[in-house]
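Q: Following is a predicted model, sequence given first.
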Amino acid sequence: MGKDQESHVELTREIARRFNFLYGEVFPEPQALIGEVPSLMGTDGKAKMSKSVGNAIFLADDAKTVEQKVRAMYTDPTRIRADIPQIPRAILSFQYHDAFNPDKAQVEDLKTRYRAGKVGDVEVKKKLALALNAFSIRSANAARTTRRARKS
């Protein structure tokens, strides 16, 4: 869950406490589980990821849609050529790589080459789209497995 969802968990925790006070211990108090990446910028680079703003990539997006969204992702307009060195941490696509790409060696290689001006945004984004699509497939498979286990 993202950091911005923590208030919803707190509200749920208060409801559980009140219910348990009135009717006995029925519900466990939920705890917020915030991942290593508490929030991500939207694909436009201007605001947090949001469905209403239209700058989000969804787990339900098909591979082609993910590729289109990643290709359109905000890129530093001052880097007009791939041979211009840049700091990866300031680049939106690397924030997504850090969050979703399990191949940390590939991410480090891209960052090293980016710092040296030896890789362009197109290659970085292509590898990001592949990583996001693989992540979506793993997440969907995990969800199916969980649903099957609950039905059993």
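A: Okay, I see it. Residues are numbered from 1 along each chain as shown.
Q: I'd like to know how far the nearest residue to Leu132 once chain neighbours are set aside sits from Gln106.
A: Leaving aside its chain neighbours, Leu132 sits nearest to Val66 (5.2 Å; criterion: Cβ to Cβ, 6 or more residues apart in numbering). Where you see a C-beta, it was placed from the backbone N, CA and C, and this is true even at glycine. Look at Val66 and Gln106: by Cβ to Cβ, to the nearest Å, they are 18 Å apart.
Q: higher neighbour count, the two?
A: Taking other Cβ atoms under 10 Å, Val66 and Gln106 do not tie; Val66 has more neighbours (21 against 14).
Q: For the protein, just list every one of the helices.
A: 6-23, 63-71, 92-100, 104-115, 121-151 (DSSP state H).
Q: Single out the most deeply packed of the ones you listed.
A: Looking across those with neighbours counted as mean count of other Cβ atoms under 10 Å, the highest average goes to helix 92-100: a mean of 20.
Q: and the nearest residue in space to Glu36 that is not next to it in sequence, what does it touch?
A: In this structure, Glu36 finds its nearest non-sequential neighbour in Ala99, 7.5 Å apart by Cβ to Cβ, 6+ apart. Contacts of Ala99 were listed using Cβ atoms under 8 Å, 6 or more residues apart in numbering, and they are Glu36, Val37, Leu40.
Q: Which secondary structure element of this structure has the lowest mean pLDDT?
A: Lowest on mean pLDDT, DSSP states H and E among the helices and strands of the chain sits helix 121-151, with a mean of 80.
Q: pLDDT below threshold where in this structure?
A: Applying pLDDT under 70 to the chain flags residues 1-2, 138-152.
Q: one step back: pretty sure the residue nearest to Leu132 is touching Ala134, no?
A: No: judged on Cβ atoms under 8 Å, Val66 makes no contact with Ala134 at a distance of 10.2 Å.
Q: First-to-last residue distance for stretch 102-121?
A: 19 Å (Cα to Cα, to the nearest Å).
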